[in-house]
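Undergrad: Fold the following.
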Amino acid sequence: MFKNKKFNIKEFLSENAVPVVFLTLSIIFVYYSGTQPAIIMNDVVARFARNAFFVLSLLFPVLAGMGLNFGIVVGAMAAQIGIYTALALELSGLPAVLLATVVCIPFALLFGFLSGWLNNKTKGQEMLTSMFVGYFAHGVYMLLFLFIIGGIIPINVYELVLPSGVGARSSLDLTQIKGALDSIVKVDLFTFVFILAALSAVITVANTIKNKKLDVTKTVLTVALVVVGVAGNTLPALSMFKRVVKVPVVTYALIGILCAFISMFFKTKLGQDMRAVGMNMEIAEVSGINVNKTRITANMISVVLSAFGQIMFLQNLGTLSTYTAHQNVGMFAGAALLIGGASVTKATVPQALLGTFLFHLLFNVSPLAGQNIFGSALIGEYFRVFIVYGVIALAIVLHAAKKASGKK
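TA: Numbering: from 1, shown residues only. Presented below is the predicted three-dimensional model:
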């Protein structure tokens with residue numbers, strides 16, 4: 001007989017130390033920022049929508065044993081090539097976003113294949129390799145947009161090129177595609193909660209019919225969502241959240257579809273092969289799995305998803321810094337994933353979503369909190385940079401220490 005495992009708070013804190021620490025910091029910083037919670041929430045909802053795809057795209061290389069794929073910047077470059085193409089053809093709105101998506105896919109697949117091939121040549125050093133892949137790709141990207149655009153490939157739209165006619169402008173106005181996805185349907189926070197409650201209820205009923213047993217966890221979640229929705233629509237104290245916080249339904253639906261895809265994908269044979277490769281390449285190869293092909297596939301999926309993420313990001317932001325917009329994509333996504341409690345060898349969808357929320361919550365409130373606590377907003381800005389690089393460095397050190405103790 002198996003005994004019920006009792007909840008051990010010490011073990012829980014040990015396993016979830018990073019998200020607990022960052023949740024505590026977030027609460028402290030929200031308090032000292034002096035900003036209305038509804039305004040903070042509205043900003044975090046927007047940031048979450050435009051960054052979740054990046055963080056979720058990292059799950060594939062992590063579970064395939066390649067660690068954090070800092071090379072997803074090549075996917076962001078592919079997306080920017082697609083967007084520039086749409087602007088050069090003078091498209092706007094949803095057609096421009098769709099064309100940018102179609103154009104970026106072959107570039108992202110090619111970039112993902114090449115970087116995955118290189119990762120196979122440097123097994124054990126994939127994170128370092130992916131970082132240098134990003135630096136190399138940035139040089140090629142600069143050649144394309146500084147010389148080939150206008151110099152070899154003629155561009156007839158004056159606003160897209162430098163006055164000399166050769167090279168792309170450093171900053172492009174994306175007014176014509178701003179909100180192309182986000183503005184399709186927007187609802188207030190508590191209406192969105194009711195939508196989630198309805199979806200959760202459908203899933204709960206389907207699972208209950210399938211398993212002939214009530215899913216208690218999903219039932220409790222559904223009831224909780226209904227309670228929150230009712231409270232938000234009736235309590236005056238929450239009225240500002242209802243007025244201020246607007247949720248882009250289509251964007252969040254795409255994030256939800258991606259989460260469902262990831263969950264189902266890792267139950268397929270290819271997904272199980274990736275897990276097996278991530279656990280032990282030698283055993284996976286003996287079992288008949290094509291290790292190199294599986295790793296390349298994981299990398300290609302990651303890069304394509306990051307390209308989609310960059311398109312979602314830019315249509316939300318409304319401006320494109322042609323030469324720098326892609327540079328920190330890998331670092332920020334990696335830091336967010338680790339903040340959610342993931343490691344360089346193990347990650348889940350809930351960890352990715354939690355990390356994205358906490359990371360961008362801190363990004364929102366830290367400058368004002370630094371201003372109010374220390375009298376300088378720069379301290380809050382430095383703290384944001386410290387979070388990104390410090391968390392990644394700590395995770396890599398812990399992974400190395402764990403690997404060394406395992407060998408002993």
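Undergrad: give the contact list for H360.
TA: V44, R47, F48, N51, A336 (CB atoms under 8 Å, 6 or more residues apart in numbering). (Glycine included, C-beta is placed from N, CA and C.)
Undergrad: Grab the nearest non-local neighbour of A79.
TA: Distances taken as CB to CB, 6 or more residues apart in numbering place Q310 nearest to A79, at 3.6 Å, with adjacent residues excluded.
Undergrad: re the thing from before, give the buried subset of the contacts of H360 as a ChimeraX selection command.
TA: Selection of buried members from the contacts of H360 for ChimeraX, criterion 16 or more other CB atoms under 10 Å:
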select :44,47,48,51,336
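Undergrad: Which ones among the contacts of H360 map onto helices?
TA: Residues of the contacts of H360 located in helices (DSSP state H): V44, R47, F48, N51, A336.
Undergrad: what about the strands in the stretch 51-200 of the chain?
TA: Using DSSP state E, counting those that start in this stretch, the strands of the stretch 51-200 of the chain run over 171-173, 186-188.
Undergrad: could these go into JSON lines alongside distance to I81, mean neighbour count and mean pLDDT?
TA: Output for the strands of the stretch 51-200 of the chain, formatted as JSON lines (distance: least, CB to CB, whole Å; neighbours: other CB atoms under 10 Å; pLDDT from 0 to 100):
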{"stretch": "strand 171-173", "distance to I81": "13", "mean neighbour count": "15", "mean pLDDT": "89"}
{"stretch": "strand 186-188", "distance to I81": "29", "mean neighbour count": "16", "mean pLDDT": "90"}
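Undergrad: can you put those strands in CSV and add distance to V220?
TA: Output for those, formatted as CSV (distance: least, CB to CB, whole Å):
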stretch, distance to V220
strand 171-173, 47
strand 186-188, 24
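Undergrad: Tell me which of the ones you listed sits nearest to L63.
TA: strand 186-188 (33.6 Å; CB to CB).
Undergrad: strand partners of the closest one, parallel vs antiparallel please.
TA: Here strand 186-188 is paired, per DSSP bridges, with strand 246-248 (antiparallel).
Undergrad: which other residues reach the helix or strand that the strand it pairs with is followed by?
TA: Beyond strand 246-248 in the direction of the C-terminus, DSSP states H and E gives the next helix or strand as helix 249-265. Residues outside helix 249-265 that contact it (CB under 8 Å, 6+ apart) are 49-50, 52-53, 56, 59, 181-182, 184-187, 192, 195, 271, 305, 312, 316, 349, 353.
Undergrad: just the buried members of these?
TA: For the contacts of helix 249-265, a burial check counting by 16+ other CB under 10 Å picks out 49-50, 52-53, 56, 59, 181-182, 187, 192, 195, 271, 305, 312, 316, 349, 353.
Undergrad: Which ones among the residues you listed map onto helices?
TA: Of the positions in these, 49-50, 52-53, 56, 59, 192, 195, 271, 305, 312, 316, 349, 353 sit in helices, assigned by DSSP H.
Undergrad: From those, pick the one nearest S92.
TA: N316 (15.7 Å).
Undergrad: separation between that closest one and L56?
TA: To L56, N316 is 16 Å away according to CB to CB, to the nearest Å.
Undergrad: what do you get for I153?
TA: 33 Å.
Undergrad: V74 too?
TA: 17 Å.
Undergrad: Also L317?
TA: From L317 over to L56 the distance is 19 Å, taken as CB to CB.
Undergrad: wait, what's in contact with N119?
TA: Going by CB under 8 Å, 6+ apart, N119 touches M66, E126, T129, S130, R295, I296, N299.
Undergrad: mind running it again at 7 Å?
TA: Going by CB atoms under 7 Å, 6 or more residues apart in numbering, N119 touches M66, E126, T129, S130, R295, N299.
Undergrad: Excluding chain neighbours, what is closest to the fifth one?
TA: This means R295. A64 (5.5 Å).
Undergrad: Got the confidence number for the one you found?
TA: A64 carries a pLDDT score of 89 in this model.
Undergrad: can you check V103 too?
TA: Predicted confidence (pLDDT) for V103: 95.
Undergrad: same deal with the one 3 residues further on?
TA: Per-residue confidence (pLDDT) for P106: 95.
Undergrad: what about it, distance to A307?
TA: Distance, P106 to A307, by CB to CB: 10 Å.
Undergrad: more neighbours, these two?
TA: For P106 versus A307, the count of surrounding residues by other CB atoms under 10 Å is larger for A307: 32 against 12.
Undergrad: hang on, that one packs against A78?
TA: Yes: look at A307 against A78 with CB atoms under 7 Å: they come within range, at 4.6 Å.
Undergrad: Mutual contacts of these two, please.
TA: Common neighbours of A307 and A78 are listed as C104, A108 (criterion: CB under 7 Å, 6+ apart).
Undergrad: still on that earlier bit, what about the residue nearest to R295, how many neighbours?
TA: 30.
Undergrad: got a list of what it touches?
TA: Residues in contact with A64 (CB under 7 Å, 6+ apart) are M274, V277, G278, T294, R295, A298.
Undergrad: Kindly recompute the last result at 10 Å.
TA: 116, 119, 126, 271, 273-279, 281, 291, 294-299, 301-302 (CB atoms under 10 Å, 6 or more residues apart in numbering).
Undergrad: So, low pLDDT: which residues of the protein?
TA: 1-8, 10-15, 377, 380, 387-388, 392, 395-396, 398-408 (pLDDT under 70).
Undergrad: Can you list the buried residues in stretch 230-242?
TA: The neighbour-count check on stretch 230-242 (16+ other CB under 10 Å) flags G232, L238, F241, K242 as buried.
Undergrad: So which of those residues are in strands?
TA: Among the buried residues of stretch 230-242, none falls in strands (DSSP state E).
Undergrad: Kindly indicate which of those lies nearest H138.
TA: F241 (40.7 Å).
Undergrad: what helix or strand is the residue lying closest to that closest one once chain neighbours are set aside on?
TA: Spatially, and ignoring its direct neighbours in sequence, F241 is nearest to A38 (4.7 Å; CB to CB, 6+ apart). Using DSSP H and E, A38 sits in helix 37-57.
Undergrad: tell me the angle that helix makes with helix 249-265.
TA: Calculated by axes from the mean of the first three to the mean of the last three CA atoms, to 10 degrees, helix 37-57 forms an angle of 40 degrees with helix 249-265.
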